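[1] What follows is a predicted protein model with its sequence.
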Amino acid sequence: MVRHVTDDERRARLAARHALAPAFHVESPEAVTRAMTVLHSTEAATVHLSCRARTAAFEVADLDRALYTDRSLVKQLAMRRTLFVFPRDLLPAAWAGASARVARQERARMCKEIVQTGIAHDGEDWLDRAAAEVLAVLAEAPEGRSAQEMRAAVPMIDVTARTPAGATFSASSVLLYLGARGLLVRGENTARWYASRPRWTLTRHWLGAIPTPWSAAEGYREIVRRWLHTFGPGTEDDLVWWSGATKTIIRAALAELGAVPVSLDGGGTGLLLPDDLAEASEPDPWVALLPPLDPTVMGWRHRDFYLGPHRERLFDNRGNAGTTAWADGRIVGCWIQDDAGVVAVRLSEQVAARTRRALEAEAARLTAWLGGRRLGTGYRSPAMAAE
């Protein structure tokens with residue numbers, strides 16, 4: 001018999017696995033990151049707000065400790081060319097698989113653009129020389145260097161050029177490429193917590209001993225395993241989209257893990273780890289306010305079981321989520337801030353009076369936590385932008 005997982009059960013699993021229901025809150029940024037596999041870090045504030053939503057008491061200093069003092073969490077370009085916060089022990093999996101794939105794609109793109117923009121006639125040679133100079137400079141700077149300082153130290157990368165397609169090639173492209181290869185990491189942030197201005201540093205300087213390299217198959221298998229624990233049951237299509245990998249890669253990882261097919265509401269087929277088939281119990285009622293690109297919102301390609309009919313209002317035209325307001329495992333609206341930094345919930349559907357009061361109370365708590373700080377974002381959904 002094929003096990004059936006209803007949408008209600010998927011929402012119950014989400015509440016527990018994602019540490020969103022209060023009974024399942026965790027105690028540290030490290031625990032939040034493990035719960036979610038990785039945290040989206042395209043915008044610096046997202047990481048902090050994602051952690052705050054999943055812990056009983058969270059302060060900016062807690063994440064600073066994990067990122068910059070203990071270095072138990074590390075930012076890494078990986079799946080779908082997206083910047084994530086990884087648990088340190090998962091980095092070898094990314095370097096071998098998802099990040100290596102991004103590095104190959106970046107190299108091919110950059111070498112082509114170097115020639116197109118007239119920077120050099122041989123893109124491969126230019127990129128190799130530029131990379132070697134960057135690594136040599138940082139070898140003498142254990143404390144790291146900002147992108148601006150790297151442009152001054154390595155004049156050949158102090159270029160900005162527009163490609164025929166309208167994209168911009170700059171020094172940051174070389175740093176991103178070396179980061180994807182696992183040779184550099186984003187070290188200490190020199191800006192405030194809601195902005196990103198990292199010092200780039202050699203990975204060996206930042207982390208000390210570098211773990212033994214994994215194979216690409218081992219890397220993908222471990223990341224798929226953790227994704228299934230966090231987001232399962234999800235479909236093969238969800239995994240291919242989220243990971244940015246091919247069906248061949250994902251199917252091989254699923255086969256090695258012995259993933260078990262389950263039926264889903266609507267007729268789809270989901271996948272679970274073989275030791276994770278127990279039925280989830282319904283949690284107590286809960287609400288949450290999540291930031292743009294929160295990993296829960298961006299964890300699946302097929303989102304109807306928690307998003308309902310609100311996709312066009314809550315995602316931009318590139319498929320990126322703005323802020324979201326949640327009630328019992330479903331998105332019911334978004335949240336915004338006024339000029340004074342006060343958080344307000346904008347509902348996309350009718351909710352019970354009890355739920356509305358809970359969302360308003362959570363908005364007041366978030367307002368107090370932000371302390372008047374108004375956060376900007378490059379991911380404003382139509383619901384957020386509406387007057």
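    All right, it came through fine. Numbers count the residues shown, from 1 in each chain.
[2] max-length strand in this structure?
    When the chain is scanned for its longest strand (criterion: DSSP state E), the result is strand 330-337.
[3] which residue is nearest the middle of this protein?
    His40 (1.8 Å; C-alpha atoms, centre = their mean).
[4] any idea whether the spatially closest residue to that residue that is not a sequence neighbour is helix, strand or coil?
    Leaving aside its chain neighbours, His40 sits nearest to Leu293 (4.4 Å; criterion: C-beta to C-beta, 6 or more residues apart in numbering). Backbone N, C-alpha and C define where each C-beta goes, glycine included. Classification of Leu293 using DSSP: H, G, I helix; E, B strand; the rest coil returns coil.
[5] hang on, isn't Ala327 packed against Val287?
    Yes: counting by C-beta atoms under 8 Å, Ala327 touches Val287, with 5.1 Å between them.
[6] Which one's more surrounded, those two?
    With neighbours defined as other C-beta atoms under 10 Å, Ala327 and Val287 compare such that Val287 has more, 24 against 21.
[7] which residues does the more buried one contact?
    Taking C-beta atoms under 8 Å, 6 or more residues apart in numbering as the contact definition, Val287 lies against 325-328, 355, 358-359, 362.
[8] Look up the pLDDT of the residue nearest to the centre of the chain for me, please.
    Looking at His40, its pLDDT reads 97.
[9] List the beta-bridge partners for it.
    Note on His40: beta-bridge partners by DSSP bridges are Phe84.
[10] Surely it is in contact with His48?
    No: in this structure His40 lies outside contact range of His48 using C-beta under 8 Å: 11.7 Å.
[11] Report the buried residues of stretch 242-257.
    Across stretch 242-257, burial judged by 16 or more other C-beta atoms under 10 Å covers 242-245, 249-250, 252-254, 257.
[12] circling back to that earlier point, got the contact list for the residue nearest to the centre of the chain?
    If you count contacts by C-beta under 8 Å, 6+ apart, His40 has them with 46-47, 50, 82-84, 293-295, 298.
[13] I'd like to know how far Trp300 sits from Trp369.
    From Trp300 across to Trp369, the span is 28 Å (C-beta to C-beta, to the nearest Å).
[14] Which residue of the two possesses the greater neighbour count?
    More neighbours surround Trp300 than the other of Trp300 and Trp369, with 21 against 15 (other C-beta under 10 Å).
[15] Double-check that one against Glu236; I have them as touching.
    No: assessed by C-beta under 8 Å, Trp300 is found out of contact with Glu236, at 11.8 Å.
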